[in-house]
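[1] Provide a 3D model corresponding to the input given below.
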Amino acid sequence: MYMRRTKGAKRDPVKQWKLPEKVFFACGACHLLAAAFLRTYPNEGFAPIWVRPEPGHTGNHIVVVRGDLAFDYHGYSHWSQLFAHMKRRANQWSPGWKATLVHLPEEVLVTEAKSKTYDGLWLKGPKDFLFDAMPRAQAYLQRFPAPPKWFSENQCA
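    So this is what the prediction gives:
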């Protein structure tokens, strides 16, 4: 769970684009990082999951998951530990925070119209940002190694 400190960045495309990479992909473009990951590693068995907060709470997030291995702006994590971390952090800002995990088809990540078919989900397409955000997502993704075929606790951050 990550809270943006740049006031007004969510609604201001210039401010949003100027956010540091980690913040950009934590708060507002996590779906594009997930899409870049799935395009780069299409046969690795990962699928996008939307962490959908219960009504009255914030903290939407999209990660890609394969078994207990997850990838988001942090890099690789154990999905169970990452979700537990999200819950702890979200409850600091919003006591009583709970979320539903929603499996999404990949095309929802890059199409605003398709994302709106999910109640409460609204995702900007890559070109709906100040500039096309997909090259930025692909460049950020290159900071991380390819997904391991198998993993142990030592391999996650």
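[2] Now do the closest residue to Glu107 other than its chain neighbours, the pLDDT please.
    In space, Glu107 comes closest to Lys114 once its chain neighbours are excluded; the distance is 5.8 Å by C-beta to C-beta, 6 or more residues apart in numbering. Backbone N, C-alpha and C define where each C-beta goes, glycine included. At Lys114, the model reports a pLDDT of 84.
[3] what's the next secondary structure element after the strand or helix carrying Lys114?
    For Lys114, the element it lies in under DSSP states H and E is helix 112-115. Next helix or strand after helix 112-115 toward the C-terminus (DSSP H and E): helix 134-141.
[4] contacting residues around that following helix?
    21, 24-25, 29, 32-33, 35-37, 39-40, 73, 110, 126 (C-beta atoms under 8 Å, 6 or more residues apart in numbering).
[5] let's go with 7 Å and repeat that
    Helix 134-141 is contacted by residues 21, 25, 29, 32-33, 36-37, 40, 126 when judged by C-beta atoms under 7 Å, 6 or more residues apart in numbering.
[6] which of these are buried?
    Buried members of the contacts of helix 134-141, scored by 16 or more other C-beta atoms under 10 Å, are 25, 29, 32-33, 36-37, 126.
[7] Of all pairs in those residues, which one is the farthest apart?
    Using C-beta to C-beta, the two most remote members of the buried ones among the contacts of helix 134-141 are Phe37 and Pro126, lying 13.7 Å apart.
[8] Mind jotting down where the strands sit in the protein?
    Applying DSSP state E to the chain gives strands spanning 47-53, 61-66, 69-72, 75-78, 99-103.
[9] nearest to Trp150, of those?
    Proximity to Trp150, assessed across the strands of the chain by C-beta to C-beta, is greatest for strand 69-72 (8.9 Å).
[10] and the closest one, how far from the chain's centre?
    In terms of C-alpha atoms, centre = their mean, to the nearest Å, the centre of strand 69-72 is found 9 Å from the chain centre.
[11] what do you get for stretch 95-111?
    Centre-to-centre, stretch 95-111 and its host chain are 9 Å apart (C-alpha atoms, centre = their mean).
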